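>>> would you be able to build a 3D model of this:
(one chain, ligands or ions: 1)
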Amino acid sequence: MREQIHPAKSISGAIQLPGDKSISHRYAMLGGIAEGITKISNYSTGADCQSTLACMQALGARVDKRDGATSIEGRGLKGLYEPSNTLDAGNSGSTIRMLSGILAAQSFTTRIGGDESLSRRPMERIMTPLRQMGACIEAREGRFPPLAIQGTKLHPIEYTLPVASAQVKSCVLLAGLFVDGRTTVHEPVRTRDHTELALREFGAEIDVDKRAISVIGRPQLQGRELFVPGDLSSAAFFLVAALIVGESALTIHGVGLNPTRSALLDFLSEMGASIKILDVKSSGGELIGDILVRKSPIRGGVLEGARTAALIDEVPVLAVLGAASQEGLAVRDASELRVKETDRIATIAENFRRMGLRIEVKEDGFVVPGRQSFHAAELDSFGDHRIAMAFSVAALVADGPCVLENAESASVSFPGFFDTLHRVAE
Ligand code: S3P
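Got it, this is the predicted structure:
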């Protein structure tokens, strides 16, 4: 699909976003292995989270969508079935990596794969700790999907993550639910803690001691009524749009403000963004609030270290912000971008080149000078949802209409993205 995006004079009004992708995955997986019914409101409509639901369904969980809620009748820790076909994780790294922790402990063999992009993403990061727990798991060329996971009895481990990854942490903690005793994951830097919060909600015993997270195996998980906050990573596109376009003022209602994700708001505020948070409440251990953002002069800055890990999904749209800022943006310690849905350093750089924007590419990041002029161009998502949305935002400040090729990939996390964008952009 080709989408035309016109330059905008303002981004204004009030919007609500689809449920958080990370939280939705976790609620669906835990709902599937809990006892009883888990009723989830505002479950992500994105294709990735629908892939997780379909996988849980293929494993025997009953899924029912009605009145805006998604209900999952769980099978308990011991009740999943052997699926008749290869599980399809679609484009979703979270689905394949986290679900593998559950599959490794079953009494049957599962094959799980996905689309072309997912088939190029590295899986050793989950295979190593799962094998230490006793798992039998094989991958194409030893490291890529599809995976063949022969379920077996696992044992607890203490594992230090070599790379900061909430998906890998979650994979090990989910496998730890099926073993006798305590499984501990040490993180090099703190990553999103939705799994820890969700496990607690479902009744598991979780200890968090600084960057060591432990789960006690074989809990009684109980189905719950849960609400998924709006996705802050989706909000990022609208925040940046409002910060760089004309006379903008936008309210985003009901956004997830989990402190392990909200470093984005601190980073934007430090660079000069006018952002207000209103009406904060808590649901399922997750913070939720409204965000008010106004057009502001953005100084620019440096993203590095633990902060890069915390903002890794936001880097594509921050690159756009950097080019519109006064002093530009340097991004370091971001080699993980090379193994996302696309090599995001390469796909950002290619769209920059097409818009006549300067960028100095490094192996683990880039430097973008500020005060640049965005030129109308034919842009491409290259099949990556965050690249699609980041460059739709760039198109709003171009000197003429832009076309975005492969725009449909936005629906991986945000199916209504273009409708919402056209509604707030004038
Ligand atoms: C996610 C963790 C991050 C993030 C991804 C979602 C999660 O990936 O980029 O979009 O839900 O745990 P890594 O674990 O690879 O850092």
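>>> alongside the ligand, which residues does the stretch 251-400 of the chain contribute?
312-313, 336 (Cβ under 6 Å from any ligand atom). For the C-beta atoms, the positions are set from N, CA and C on the backbone; glycine is no exception.
>>> tell me how this structure divides into domains.
Per the record, the chain has its domains at 3-19+229-424, 21-227, by automatic domain parsing.
>>> now the shortest one: mean pLDDT?
For domain 21-227, the mean pLDDT works out to 98.
>>> how much distance is there from that domain to the middle of the chain?
14 Å (Cα atoms, centre = their mean, to the nearest Å).
>>> that domain near the ligand at all?
Yes: under the criterion of Cβ under 6 Å from any ligand atom, the ligand is reached by domain 21-227 at 22, 94, 165-167, 170, 192.
>>> and the end-to-end length of that domain?
This stretch, domain 21-227, spans 12 Å end to end (Cα to Cα, to the nearest Å).
>>> same deal with the longest one?
Separation of the first and last residues of domain 3-19+229-424 by Cα to Cα is 16 Å.
>>> try stretch 100-109
Termini of stretch 100-109 sit 11 Å apart (Cα to Cα).
>>> what does stretch 115-130 give?
Distance across stretch 115-130, first residue to last, is 23 Å (Cα to Cα).
>>> quick one, helices of the stretch 101-250 of the chain?
If DSSP state H, counting those that start in this stretch is used as the criterion, the helices of the stretch 101-250 of the chain fall at 124-132, 166-176, 194-202, 232-244.
>>> including neighbour count, could the residues of domain 21-227 next to the ligand go into JSON lines?
Formatted as JSON lines, those follow (neighbours: other Cβ atoms under 10 Å):
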{"residue": "22", "neighbour count": "30"}
{"residue": "94", "neighbour count": "22"}
{"residue": "165", "neighbour count": "21"}
{"residue": "166", "neighbour count": "25"}
{"residue": "167", "neighbour count": "21"}
{"residue": "170", "neighbour count": "30"}
{"residue": "192", "neighbour count": "24"}
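>>> what would those residues look like in a markdown table with distance to residue 131?
Putting the residues of domain 21-227 next to the ligand into a markdown table (distance: Cβ to Cβ, whole Å) gives the following:
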| residue | distance to residue 131 |
| --- | --- |
| 22 | 25 |
| 94 | 21 |
| 165 | 17 |
| 166 | 20 |
| 167 | 17 |
| 170 | 17 |
| 192 | 25 |
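>>> which members of those residues are the farthest-apart pair?
Largest separation among these by Cβ to Cβ: 22 and 165, giving 12.1 Å.
>>> what sits in contact with each of those two?
Among the neighbours of residue 22, none is also in contact with residue 165 (Cβ atoms under 8 Å, 6 or more residues apart in numbering).
>>> what about the nearest residue to residue 20 once chain neighbours are set aside, how many neighbours?
Nearest residue to residue 20 in three dimensions, chain neighbours excluded: residue 231, at 4.3 Å (Cβ to Cβ, 6 or more residues apart in numbering). A total of 25 residues lie near residue 231 under the criterion other Cβ atoms under 10 Å.
>>> right, and residue 231 touches residue 19 too?
Yes: assessed by Cβ atoms under 8 Å, residue 231 is found in contact with residue 19 at 6.6 Å.
>>> can I get the helices of the stretch 101-250 of the chain in JSON lines with distance to residue 293?
Shown next, in JSON lines, are the helices of the stretch 101-250 of the chain (distance: least, Cβ to Cβ, whole Å):
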{"stretch": "helix 124-132", "distance to residue 293": "35"}
{"stretch": "helix 166-176", "distance to residue 293": "26"}
{"stretch": "helix 194-202", "distance to residue 293": "24"}
{"stretch": "helix 232-244", "distance to residue 293": "5"}
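>>> of all the ones you listed, which one comes closest to residue 367?
That would be, of the helices of the stretch 101-250 of the chain and by Cβ to Cβ, helix 232-244, which comes in at 18.2 Å.
>>> and that closest one, how far out from the chain's middle?
With Cα atoms, centre = their mean as the basis, helix 232-244 stands 15 Å off its chain's centre.
>>> what packs against that helix?
strand 249-256, helix 263-270, strand 286-294, helix 315-324, helix 385-396, helix 417-424 (3 or more Cβ pairs under 8 Å, 6 or more residues apart in numbering; DSSP states H and E).
>>> deepest of the ones you listed, which one?
Of all those, helix 385-396 has the most neighbours on average by mean count of other Cβ atoms under 10 Å, namely a mean of 28.
>>> can you dump the C-alpha atoms of that helix in CSV for me?
Extracted in CSV, the C-alpha atoms of helix 385-396 (Å, rounded to 0.1, in the frame of the first residue of the first chain):
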residue,chain,number,x,y,z
HIS,A,385,6.2,-0.6,11.3
ARG,A,386,8.3,1.8,13.2
ILE,A,387,10.0,3.0,10.1
ALA,A,388,6.6,3.5,8.4
MET,A,389,5.4,5.7,11.3
ALA,A,390,8.6,7.6,11.9
PHE,A,391,8.8,8.7,8.3
SER,A,392,5.1,9.6,8.1
VAL,A,393,6.0,12.1,10.8
ALA,A,394,9.0,13.3,8.8
ALA,A,395,6.7,13.8,5.8
LEU,A,396,4.5,16.2,7.9
